[in-house]
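**Q** Below are the sequence and a predicted model; questions follow.
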Amino acid sequence: MVSIEERIAERVEARGDQIVETLSALISFPSIVMSDPTKAGPGERDCQLYLQTRLEKLGFTTDLWDPDGPALYEQYKGRPGANKGRTFEGRPNLGGTLKGTGGGKSIMLTGHIDVVPPGAREHWQTDPFEPVLKDGFLHGRGTVDMKGGVACMLMAVEILKELDVPLSGDIVFTTVVDEEIGGMGSLAMVDRGFRADAGIMTEPTANRIAPLCHGILWGRIILDGIGGHAELTPNAWYSSGPVDAVQLCRQMLDGIDILNRRWMFDPKKTHPLMDMPNQIMVTQINAGEHPSSTAGRAEIIIDAQYLPHEKDEFGLGGAVKREIEEHVANVCQADPYLRAHPARVEWILDADCAEVPADHPFVETFQSAVGIAGLSPKLSGFGAHSDIGLPTGLGNTPTVNFGPGDPAQSHQPNERVSVRDLIDCTKAIALTVHRWCR
């Protein structure tokens, strides 16, 4: 006799084309998140309306709402996810609940539908918002980060409903906006009251269970020089000018390299589930005012990582901020001009992190289901930031990352995910829901 889990696995395999079609539909919505939220287009809303229709056909009670960004910021100021200046008019979150028969454990399936801009079109071999299936891969912006995971969690529920699999616990389904710019969409989701006994956030992990993610700090290191004519001999170096801010920038970059080398051998900066120690990545450099003038000002934008055990009393990266600020101050002490005119650090973003213990009952249940699906149950860390800290910490919903695709494909041109990954992910999620909620 065929077991119910064998039936689930077989049905997922048979529905591979529908999984691809679902993801293709999601990709076709250009749900680009903007640094200025007032300039966002209709893509986020259109994508959420599509998902709402699919959920309601399955019997979900749904909630589609535009979060109140300023009110959320005032309520949670200084806490994870609270980012000043974010607004959500026409950019809704979506949540839904499918009630179980009662008495079982609930699960939340969650993800984000916003994507980063595609960048230069000439770097793409296909239109980023016209999905193309080629050689077993679906191409398009968001295939990996992270509409692929959203498609899998939706199809997993649809297949369980199709097979009439009995579930005692509720399924909570949420998709948020604004993840790629700081996570306020997830804060709004948790504040709205969506929670469960455990959760899966379908960020791309190459179908590995990742109960841990990094916290991320974005910062701006400002170096004030003194502008002058680039082609003439300076006559008052380090007094009235000029002082080349590009040269000061080089010195600060060397200082960042020194701190990174120190962190590589600092046990506080490593975790057994992470491939690499914490690092500070320089992601932008802005300097100069005119081709024939020495730069009077330079800015170095950094992206720095921290681990859950480094969180401060507010659940954020305050201690790591201070560590970086002290190092920047020490670098300035080595230069006579910077000693008198020290660099300033302004913090742009602090996105929190979380870890669910490996021996948590949900992690163990998830590992067993992943094994049945033919995947490795070995745990891994999620090297980038994800929003698991908000449902885990604020929402009391222990949430792990698990999703299809190579995470290194995220934000790249020609982003793509394999159909095999999509099928395997859908299978693992469906089996986990069955085991956890029965």
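**A** Thanks, I have the structure now. Numbering: from 1, shown residues only.
**Q** now the helices for this structure?
**A** Along the chain, counting by DSSP state H, helices occupy 4-14, 16-27, 43-57, 69-76, 147-162, 184-191, 245-264, 318-333, 336-340, 361-372, 389, 419-437.
**Q** May I see the buried residues of the second one?
**A** When neighbours are counted by 16 or more other Cβ atoms under 10 Å, the buried residues of helix 16-27 are found to be Ile19, Val20, Glu21, Thr22, Leu23, Ser24, Ala25, Leu26, Ile27. The way it works is simple: take the backbone N, C-alpha and C, and place the C-beta from them, glycine included.
**Q** what packs against it?
**A** helix 43-57, strand 137-139, helix 147-162, helix 419-437 (3 or more Cβ pairs under 8 Å, 6 or more residues apart in numbering; DSSP states H and E).
**Q** Parallel or antiparallel, list what pairs with the shortest one.
**A** According to DSSP bridges, strand 137-139 has the following sheet partners: strand 132-134 (antiparallel), strand 416-418 (antiparallel).
**Q** as a whole number, average confidence for the last one?
**A** Pointing back at strand 416-418 there. Strand 416-418 shows an average pLDDT of 98 in the prediction.
**Q** And the contacts of that strand?
**A** 23, 136-140, 143-144, 148, 204, 404-405, 409 (Cβ atoms under 8 Å, 6 or more residues apart in numbering).
**Q** Now for the residues you listed: which two are most distant?
**A** Farthest pair in these (Cβ to Cβ) is Gly136 and Pro204. Separation: 16.9 Å.
**Q** who's more crowded, these two?
**A** Pro204 (30 against 10; other Cβ atoms under 10 Å).
**Q** that older thread, just flag the most distant two among the buried residues of helix 16-27.
**A** Ile19 and Ile27 (12.7 Å).
**Q** Okay, domains of this structure per the record?
**A** Structurally, the chain divides into domains by automatic domain parsing as follows: 4-212+354-437, 215-351.
**Q** Using JSON lines, lay out the strands paired with strand 137-139 together with mean neighbour count.
**A** Below are the strands paired with strand 137-139 laid out as JSON lines (neighbours: other Cβ atoms under 10 Å):
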{"stretch": "strand 132-134", "mean neighbour count": "14"}
{"stretch": "strand 416-418", "mean neighbour count": "23"}
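**Q** Let's have those strands in TSV, adding distance to Asp36.
**A** Shown next, in TSV, are the strands paired with strand 137-139 (distance: least, Cβ to Cβ, whole Å):
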stretch	distance to Asp36
strand 132-134	30
strand 416-418	29
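**Q** In the stretch 101-250 of the chain, what residue spans correspond to strands?
**A** All strands of the stretch 101-250 of the chain, identified by DSSP state E, counting those that start in this stretch, fall at 107-112, 132-134, 137-139, 171-176, 199-201, 215-224, 228-229.
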